[in-house]
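S.K.: can't give you the sequence, but here's the structure:
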């Protein structure tokens, strides 16, 4: 078994700490070869039963981008209405999407009906296919950060509306909408923590049985 050096382990730790969910992007285009290097991470990702259920839609046309942006704005307004007082005031100030600036955007789906993998490991827990997609996204995220790119996960969306606008197959389920590009700035502290929305736990919660 290959044993990685302490230098590598420290670098990996720094990469994880500096990964961050990016909301503020520069509009500079991303080189296609560089982007493909990042996307290659999907080819190395684990998946239940080797099902590789991830399906990527690159959001490029003005119509598709505008539909996604209007979706976010409607969902964001609805989410804001669910808060009151100081929390509502703080929520209104948060930048929860880089969709107007990010040069590259993907809608990442899980193909829940895939026959690849012959259902191994997913018969009792079909949601493991979606977990597999999340795992692949995380590897892509780290690969992008290692190359100076930022990734932002937009979760304030109506998936039914987005599925309709993108005309995706009925058996596909939305896992993530990702914005990709060069960040305006970088930090090893989550933006939500810097803005006072929430703080990281100081210890890992582990329950023993």
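M.R.: Looks like it came in fine. What you are looking at is a predicted structure, and each value in this text was computed from that prediction instead of being measured.
S.K.: In this protein, where's the longest strand?
M.R.: Counting residues, the longest strand found in the chain (DSSP state E) is strand 172-181.
S.K.: What strands line up against it, and which way round?
M.R.: strand 104-111 (antiparallel), strand 150-154 (antiparallel) (DSSP bridges).
S.K.: I'd like the average pLDDT over the first one.
M.R.: Predicted confidence along strand 104-111 averages 98 (mean pLDDT).
S.K.: Next, the buried residues of it.
M.R.: Buried residues in strand 104-111, counted by 16 or more other CB atoms under 10 Å: 104, 105, 106, 107, 108, 109, 110, 111. Using the backbone N, CA and C atoms, a C-beta is placed for each residue, glycine as well.
S.K.: what's the most distant pair in these?
M.R.: Spatially, the most separated pair among these is 104 and 111, at 21.9 Å (CB to CB).
S.K.: would a markdown table of the strands paired with strand 172-181 with distance to residue 175 be doable?
M.R.: Formatted as a markdown table, the strands paired with strand 172-181 follow (distance: least, CB to CB, whole Å):
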| stretch | distance to residue 175 |
| --- | --- |
| strand 104-111 | 5 |
| strand 150-154 | 10 |
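S.K.: Would you mind identifying the helix or strand in this structure with the lowest mean pLDDT?
M.R.: Least confident helix or strand, the chain: helix 191-194 with a mean of 92, by mean pLDDT, DSSP states H and E.
S.K.: any chance you could map the helices in the chain?
M.R.: Remark: helices assigned in the chain by DSSP state H are 6-17, 32-39, 62-80, 85-93, 128-146, 159-166, 191-194.
S.K.: Against which helices or strands is the shortest one packed?
M.R.: Under the contact criterion of 3 or more CB pairs under 8 Å, 6 or more residues apart in numbering; DSSP states H and E, helix 191-194 touches no helix or strand at all.
S.K.: with the buried residues of strand 104-111 in mind, which one is nearest to residue 90?
M.R.: residue 105 (26.3 Å).
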